[in-house]
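Participant: requesting a structural model of the entry that follows:
(2 chains)
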Number of protein chains: 2
Amino acid sequence: MSLFKTLTRTSFRPISRCYSRSVTTKRPHFPCVEVHAVRESQLRQMAVNPIPSSTSSTDSAESGPEPPYARPNPKSYHVYHDPAPLQLTYSSQLPSFDVAYETWGKLSPKKDNAILLHTGLSASSHAASTALNSAPGWWEKFIGPGKALDTNQFFIICTNVIGGCYGSTGPSSIDPTSGTHYATNFPILSIFDMVRAQFRLLDHLEIDKLYASVGSSMGGMQSLAAGWLHPERVGKVVSISGTARSSPSAVAMRYAQRSVLMADPNWNYGFYYDGLPPHTGMKLARQIATITYRSGPEWDLRFGRQMRSVLEQPPDKPRTPALCPDFLIETYLDHQGEQFCLKYDANSLIYISKAMDLFDLTASSLSANHLTSPSDSSSASTHSLSPSSTPHRTSHSKSHPPPVNPAPHLTDLAEGMQPLAKIPTLVLGVQSDILFTVEQQREMVDALRLAGNEQVSYYELGGVWGHDTFLLDVLNVGGAIRGFLS
Amino acid sequence: MSLFKTLTRTSFRPISRCYSRSVTTKRPHFPCVEVHAVRESQLRQMAVNPIPSSTSSTDSAESGPEPPYARPNPKSYHVYHDPAPLQLTYSSQLPSFDVAYETWGKLSPKKDNAILLHTGLSASSHAASTALNSAPGWWEKFIGPGKALDTNQFFIICTNVIGGCYGSTGPSSIDPTSGTHYATNFPILSIFDMVRAQFRLLDHLEIDKLYASVGSSMGGMQSLAAGWLHPERVGKVVSISGTARSSPSAVAMRYAQRSVLMADPNWNYGFYYDGLPPHTGMKLARQIATITYRSGPEWDLRFGRQMRSVLEQPPDKPRTPALCPDFLIETYLDHQGEQFCLKYDANSLIYISKAMDLFDLTASSLSANHLTSPSDSSSASTHSLSPSSTPHRTSHSKSHPPPVNPAPHLTDLAEGMQPLAKIPTLVLGVQSDILFTVEQQREMVDALRLAGNEQVSYYELGGVWGHDTFLLDVLNVGGAIRGFLS
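Facilitator: Model (predicted):
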């Protein structure tokens, strides 16, 4: 059994930051740095004495604010294996592929009540607890009887995306043509590729048309891509904190994460599956990601400038700061990185974050990448999108007309989003989100309306939770979805 | 000569990202990662065959958007050596210290026209060209006859801060008690310590009272600290894109930088001066920093979603993306990291960014750290700052009264800033700044007004340049300073 497999099947014991270390030279301690070497040593130890995988079939919920991700365990989810090739946007194809998936609720006899739920970057198919896996899922409070995705009414399907590491084919999978891990010989993926694989699963399940395509964050991109690729097979589209084209600042923040990960010597150009994984790079990448998932206002309220271990200090002595974490915000980031660094495959993070960067529904980008939608030929001519023609369109709600005199990039985006013009669409964004900003949400809404979509619902939420609002705000996010789907 | 000295005195030849490499296994190329190993090999080469230091006495201006930092060269600036100890906030003391400084304009016979200019994190004393160093400085367009800091009228002094690496005592300096580099045995610094060292220089120059204390970014913190420590010696205070207490989100962003730097094996717990510096960690840290210095709106305008080397592609073939930089925003961040990674000392970055995190002018923080201002005993009782008493104060401008019913943290800050109550103060912030947000500027202004300061000028700038506006917007930033100082 390779070390990689051993690691992903075992619980990693948290490392105490207070261990003693024999010091031979007069050098200060840096427990926040030494933790990497200690973990590496523990990982080597585990490679010699692996913990039996049966002891960790399910994961207990994390104490942190983010949802627990299911560990890969083929008994806890379904796997659809498709022996035929999957056509890809940027490369030729995957020779065959697996899609891990879970379902909630019952498929109606007419098979007309299916909702495809799309995940964010690092989530598994385990959106909520099931009979196979009782651990809480990443959207536990949004799925169930009477909840936002009402299992009394709908049949919910959630997959692990192609490129991921929780049961679907990704860089950590074995390449059937070589017999070894794909690693970075895995092809570059697009959001469209992920959705194509999902529709092959729908074909297998004989679901011809989705009641709705629903997704948050990267899932919002997939949700739009589903409607774009198969307008006739998607009844409604929901995009929560998503975007129709990644902004340069979001690309920058993901690039910083990939850079620190790829600079970890353990990454070894992606070929680490028979050695030690880049746990340090993953921890650093997650710290950066966490900054983009939350907001300054939340941290003002939650941590302020509080320092850790103030209680350990004698009251009459000023607290002596250190170069390792002092402030609670620092220990929070450190903790988030620690929790994540062995739970997710580094190459999956790199490939999927790249797919997010590449997502762009402008007509010029779609055309440059030879992407076509079945509705492209049948849709109204995109020439009707010239600014002068837009005032003649009638919006479903007269209070939300398409923008007058749209900027060229908006016209380009509206042309690209033309296949979505007839699909009722819910767009929801959060004002404190620095990763998928409200400007991105408004752009998406304007483009849809400009494309002639008269059934666009748009909500902008306040609050301090930033991008992670979609995981936390059951009342407002859940309410908007429930209302839109009913 | 140690390798560190060799490196900081030599020009580093940029590494081409297009070099060919013999590949023995079927593995994809990652020039963005391989560049680190190539640089390491070049650095080892340079250690064997150092370039004579005389060839690099001055630096040509960078082509990038950030100012060139002067290379350490004792002939291009003055050094004040103080043989007496410097008292520190968190540790005992530095046994002796150097302060590198440069000046512009002429000190008046009464010595009443001096302006102390404070720098941002990584800047040298070389704010503008001088007779000793003709290279453009980091604030070249703001200093000179008729400019924002008018050398016809004022005598400008700029120092390299204590903790820096451009001539002032810092972690790369030799510890006189051990005869080796301080490295991470250097004591934790505060912004107040930096200012105390500057005032020892002012004592040496026999300047009893500053006409003004002026600073941007971290320099804004120092500018406030100067007025706080020596209210009787500072005529006016200017804080551009500074803060009166670092926010948790700014701490988070600097913590992410320190983390990637300290995870570089070359950092070696800070003891790298006789070996290879942590160039990879520095590059990664600078990439993260660059994200915080600019703004999404600027990148939308400047880069959008443009990709590099589009011209290299055959027009009929879709561009195949890679895991290394594709988008112009990625190559921009990569370039910023490359430019910086050998120009600044890693330990200086760690110590000074930590000092920024620790800066906090609330009364509770000052008191916990036993910090006292000479004016503390003579000032009006801080008890007068209770919310009920504030409406009775008269603001200099009736349109800008202190806030009614201030939050507890604001009262705490106002109490701490009491020593600044009688110093005319200019506060200028930028709406697109994500590092020193306008909320931070407004908080500072509210606290000053609540403390009874009736001469607070406050400007909030629009524009897309983010935190770096203070380096770029000569018209608006320069104009506000010129008006305030005249």
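
Participant: so the closest residue to residue A:76 other than its chain neighbours, which state does it fall into?
Facilitator: Counting by C-beta to C-beta, 6 or more residues apart in numbering or on different chains, residue A:76 lies nearest to residue A:133, which is 3.7 Å off, once chain neighbours are set aside. Placement of C-beta: from N, CA and C, glycine included. Here residue A:133 is coil, with the state taken from DSSP: H, G, I helix; E, B strand; the rest coil.

Participant: return the set of buried residues in stretch A:41-51.
Facilitator: Under the neighbour-count criterion of 16 or more other C-beta atoms under 10 Å in any protein chain shown, stretch A:41-51 has A:43, A:46, A:47 buried.

Participant: narrow the residues you listed to those in helices?
Facilitator: A:43, A:46, A:47 (DSSP state H).

Participant: those residues of the stretch 351-486 of chain A touching chain B, which are they?
Facilitator: A:351, A:354, A:357, A:358, A:360, A:365, A:368, A:369, A:370, A:409, A:434, A:437 (C-beta under 8 Å from any C-beta of the partner chain).

Participant: from the chain's centre, how far out does stretch A:339-355 sit?
Facilitator: Relative to its chain's centre, stretch A:339-355 lies at 10 Å (C-alpha atoms, centre = their mean, to the nearest Å).

Participant: tabulate the CA atom coordinates of that stretch in CSV.
Facilitator: Coordinates of each C-alpha in stretch A:339-355 appear next as CSV, following Å, rounded to 0.1, in the frame of the first residue of the first chain:
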residue,chain,number,x,y,z
GLN,A,339,-6.8,20.6,9.8
PHE,A,340,-6.7,20.6,6.0
CYS,A,341,-3.2,19.7,5.0
LEU,A,342,-3.6,15.9,4.9
LYS,A,343,-7.3,15.8,4.0
TYR,A,344,-7.1,16.8,0.4
ASP,A,345,-4.9,15.8,-2.5
ALA,A,346,-2.5,18.6,-3.4
ASN,A,347,-2.7,17.9,-7.1
SER,A,348,-6.5,18.0,-7.0
LEU,A,349,-6.2,21.5,-5.4
ILE,A,350,-3.9,22.6,-8.2
TYR,A,351,-6.0,21.2,-11.1
ILE,A,352,-9.4,22.3,-9.7
SER,A,353,-8.3,25.8,-8.7
LYS,A,354,-6.9,26.2,-12.2
ALA,A,355,-10.2,25.1,-13.7
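
Participant: and it, which residues are buried?
Facilitator: So for stretch A:339-355, counting by 16+ other C-beta under 10 Å, buried means A:339-355.

Participant: do the same with stretch A:98-110
Facilitator: Within stretch A:98-110, the residues scored as buried using 16+ other C-beta under 10 Å are A:98, A:99, A:100, A:101, A:102, A:103, A:104, A:105, A:107.

Participant: take the residues you listed and keep only those in helices.
Facilitator: Nothing among these maps onto helices, per DSSP H.

Participant: quick check: the farthest pair among those residues?
Facilitator: A:98 and A:105 (23.4 Å; C-beta to C-beta).

Participant: dump the residue contacts of the nearest residue to residue A:146 once chain neighbours are set aside.
Facilitator: In space, residue A:146 comes closest to residue A:152 once its chain neighbours are excluded; the distance is 6.7 Å by C-beta to C-beta, 6+ apart. Residues counted as contacts of residue A:152 (C-beta atoms under 8 Å, 6 or more residues apart in numbering or on different chains) are A:105, A:145, A:146.

Participant: could you rerun that using 10 Å?
Facilitator: Contact partners of residue A:152, counting by C-beta atoms under 10 Å, 6 or more residues apart in numbering or on different chains, are A:105, A:106, A:144, A:145, A:146.

Participant: for the third one, phi and psi?
Facilitator: For residue A:144, the backbone dihedrals are phi 150, psi 180 (criterion: degrees, to the nearest 10).

Participant: correct me, but residue A:419 touches residue A:448?
Facilitator: No: contact between residue A:419 and residue A:448 fails when scored by C-beta atoms under 10 Å: they sit 11.0 Å apart.

Participant: one step back: quick check: the two most widely separated of the residues of the stretch 351-486 of chain A next to chain B?
Facilitator: The most widely separated members of these, counting by C-beta to C-beta, are A:370 and A:434 (33.1 Å).

Participant: can you pull out the helices in the stretch 201-350 of chain A?
Facilitator: A:218-229, A:248-262, A:279-293, A:296-302, A:328-340, A:346-358 (DSSP state H, counting those that start in this stretch).

Participant: just the C-alphas of the second one, formatted as PDB.
Facilitator: Below are the C-alpha coordinates for helix A:248-262, written out as PDB (Å, rounded to 0.1, in the frame of the first residue of the first chain):
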ATOM      1  CA  PRO A 248      -8.100  38.700 -11.900                       C
ATOM      2  CA  SER A 249      -8.000  39.200  -8.100                       C
ATOM      3  CA  ALA A 250      -9.600  35.700  -7.600                       C
ATOM      4  CA  VAL A 251      -7.000  34.300 -10.000                       C
ATOM      5  CA  ALA A 252      -4.300  36.100  -8.000                       C
ATOM      6  CA  MET A 253      -5.400  34.600  -4.700                       C
ATOM      7  CA  ARG A 254      -5.600  31.100  -6.100                       C
ATOM      8  CA  TYR A 255      -2.200  31.500  -7.900                       C
ATOM      9  CA  ALA A 256      -0.600  32.400  -4.500                       C
ATOM     10  CA  GLN A 257      -2.000  29.100  -3.100                       C
ATOM     11  CA  ARG A 258      -0.700  27.000  -6.000                       C
ATOM     12  CA  SER A 259       2.700  28.700  -5.800                       C
ATOM     13  CA  VAL A 260       3.300  27.900  -2.200                       C
ATOM     14  CA  LEU A 261       2.100  24.400  -2.700                       C
ATOM     15  CA  MET A 262       4.300  23.800  -5.800                       C
END
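
Participant: other SSEs contacting that helix?
Facilitator: Using 3 or more C-beta pairs under 10 Å, 6 or more residues apart in numbering or on different chains; DSSP states H and E, the elements in contact with helix A:248-262 are helix A:279-293, helix A:346-358, helix B:31-48, helix B:248-262, helix B:279-293, helix B:296-302, helix B:328-340.

Participant: distance from the chain centre to that helix, please.
Facilitator: Relative to its parent chain, helix A:248-262 has a centroid offset of 15 Å by C-alpha atoms, centre = their mean.
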